[in-house]
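**Q** I would like to see how this sequence folds:
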Amino acid sequence: MTNPKEEKTVVLIKPDGVKRGLVGEIISRFEKRGLKIISLEMFQAQKEQIDDHYPKDEKWIKRLGQKTTNNYQEHGMDLMGELGTEDLLEIGKMVRNWLVEYMVSGPMIKIVVKGVHAIKMGRKLAGSSMPSEAQVGTIRGDFSVDDATAANRDKRAIHNIVHASETLEEATHELGFWFAAEDIFDHKRTDDI
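**A** Modelled structure (predicted):
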């Protein structure tokens, strides 16, 4: 295990976060938490990039389908009538496609954040990916105005402002996928111990 102070993670400010003018606020929250920004860039993602960003394995896709199915059941919505299937894999593929469309709908900001348990801290700062479950004080809890039920009804992804790597494996993949070594600028902050 490496020193926890050396941990790196990826944060993406999604198109709705950029369009709503929340970039400075989001970056500020990471910095105020004591995490260090070591790379930052605005970019327009291409479909192929986003398709490769999200997992393609059946287990992950079925998990998306299960989450959507659970949301339909919880709210008494007609899954078959609205989506035309009850197959978790097929539903998951639909949701994954909605995610890709959402992530290419406008410019994003990609960030590498470094610091003590950066992955866990990044997820904590972002809050639950389901805005209605995100605690006040988190980025999604304070700024996301979307809802899974509304997104499902509109056949689109949930607009939840920010992505933060969930695991070390995911962070490692995303660091290599979104950033070249020469795009990362480690430095000393005045509060580095």
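**Q** what's the weakest-modelled helix or strand in this structure?
**A** Within the chain, confidence by mean pLDDT, DSSP states H and E is lowest for helix 148-154 among all helices and strands, at a mean of 89.
**Q** report the buried residues of that helix.
**A** Buried residues in helix 148-154, counted by 16 or more other C-beta atoms under 10 Å: A148, A151, N152. Using the backbone N, CA and C atoms, a C-beta is placed for each residue, glycine as well.
**Q** any chance of those residues in CSV with distance to R189 as columns?
**A** Shown next, in CSV, are the buried residues of helix 148-154 (distance: C-beta to C-beta, whole Å):
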residue, distance to R189
A148, 37
A151, 38
N152, 42
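**Q** and of these, the nearest to E182?
**A** A151 (37.5 Å; C-beta to C-beta).
**Q** please name the nearest non-neighbouring residue to the closest one.
**A** Leaving out its chain neighbours, the residue that sits closest to A151 by C-beta to C-beta, 6 or more residues apart in numbering is I158, at 4.5 Å.
**Q** surely the one you found touches M130?
**A** Yes. Using C-beta atoms under 8 Å, I158 makes contact with M130 at a distance of 7.2 Å.
**Q** contacting residues for the most centrally placed residue in the chain?
**A** What sits nearest the mean C-alpha location of the chain, by C-alpha atoms, centre = their mean, is H163, with 1.9 Å. By C-beta atoms under 8 Å, 6 or more residues apart in numbering, the residues touching H163 are V10, V11, L12, K14, A126.
**Q** leaving out chain neighbours, which residue sits closest to the first one?
**A** To tie it back to what came earlier, the one meant is V10. E174 (3.9 Å).
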